[in-house]
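Chemist: Return atomic coordinates for the entry below.
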Amino acid sequence: MKSDTGLPRAAMEQFLNGKMVRLRPLENEADRRALYEMWNDPASVGEHLAYDVCDWDGFCKFINNLEKAPNQPTFLLIVKNDGGEAVGFVQHFWPRPWRYMIEIGYELLPKYRGRGYASEGVRLLIDYLFSNRPLERIEAITGAKNLPSQRLLERLGFKLEGRTRKSFFVRGEYVDSLLYGLLREDWTSRPSS
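Modeler: Residues are numbered from 1 along each chain as shown. All right, here's what the predicted structure looks like:
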């Protein structure tokens with residue numbers, strides 16, 4: 001059976017299982033509902049991202065359209081190994097498909113932050129992407145005031161590459177964002193974790 005990532009599920013499982021969490025595609029309506037609730041919860045979105053409420057039908061239409069467009073995000077739930085509860089998600093997409101790079105994003109429910117789940121989930125995603133895609137780099141963009149996200153990226157080997165001034169509109173004001181990059185050779189030459 002193939003997943004929504006296009007790879008056989010057995011191939012995905014080799015890369016998407018960690019010590020504390022595993023990543024898995026959206027498999028049913030309950031998974032979609034969990035992602036929908038994360039998107040519509042101001043505490044989950046946090047103070048550093050734009051908060052856009054959408055209704056259930058609009059959300060389902062958005063997710064269904066992702067399957068038709070190759071450059072759109074692929075979402076994977078971050079699921080605790082003990083108990084199987086969804087604690088957040090990671091995503092990846094080709095912002096410029098003609099280049100050998102991909103952008104990632106992630107979000108964790110507030111009650112699970114600070115426990116290493118996001119770090120492990122993002123690490124699993126990076127392993128998967130560099131092992132299965134012809135990529136030379138992975139990018140991530142974070143708010144300039146989002147220190148926890150910056151620390152996570154730096155722990156995983158991402159380098160700060162630039163600041164984009166007033167690029168996000170969050171909570172009624174324009175805020176700066178930071179561009180982080182990770183090269184394949186930096187990832188493959190790092191000490192094992």
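
Chemist: Stretch 122-139: which residues count as buried?
Modeler: For stretch 122-139, burial by neighbour count (16 or more other C-beta atoms under 10 Å) applies to 122-126, 128-130, 133, 135, 137-139. The C-beta positions use only the backbone N, C-alpha and C, and glycine is treated the same way.

Chemist: and that stretch, how far from the chain's centre?
Modeler: Relative to the centre of its chain, stretch 122-139 is centred 12 Å away, using C-alpha atoms, centre = their mean, to the nearest Å.

Chemist: hang on, the earlier thing: in CSV, list the buried residues of stretch 122-139 along with pLDDT, distance to R115 and secondary structure.
Modeler: Listed next are those as CSV, based on pLDDT from 0 to 100; distance: C-beta to C-beta, whole Å; DSSP: H, G, I helix; E, B strand; the rest coil:
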residue, pLDDT, distance to R115, secondary structure
V122, 97, 14, helix
R123, 97, 14, helix
L124, 96, 15, helix
L125, 95, 17, helix
I126, 96, 19, helix
Y128, 92, 21, helix
L129, 93, 23, helix
F130, 93, 25, helix
R133, 86, 28, coil
L135, 90, 28, coil
R137, 94, 28, strand
I138, 96, 23, strand
E139, 95, 25, strand
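
Chemist: Let me know the closest of these to D186.
Modeler: When those are compared for distance to D186 (C-beta to C-beta), R137 wins out at 9.2 Å.

Chemist: Run through the bridge partners of that closest one.
Modeler: R137 has the following beta-bridge partners by DSSP bridges: M101, L183.

Chemist: quick revisit: now render the buried residues of stretch 122-139 as TSV, adding distance to K159.
Modeler: As requested, these are exported to TSV (distance: C-beta to C-beta, whole Å):
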residue	distance to K159
V122	15
R123	16
L124	20
L125	18
I126	14
Y128	21
L129	17
F130	16
R133	20
L135	16
R137	10
I138	11
E139	11
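
Chemist: Quick one: list the elements packing against the host helix or strand of G58.
Modeler: Element membership for G58, per DSSP states H and E: helix 56-66. With contacts defined as 3 or more C-beta pairs under 8 Å, 6 or more residues apart in numbering; DSSP states H and E, the packing partners of helix 56-66 are helix 29-39, strand 74-80.
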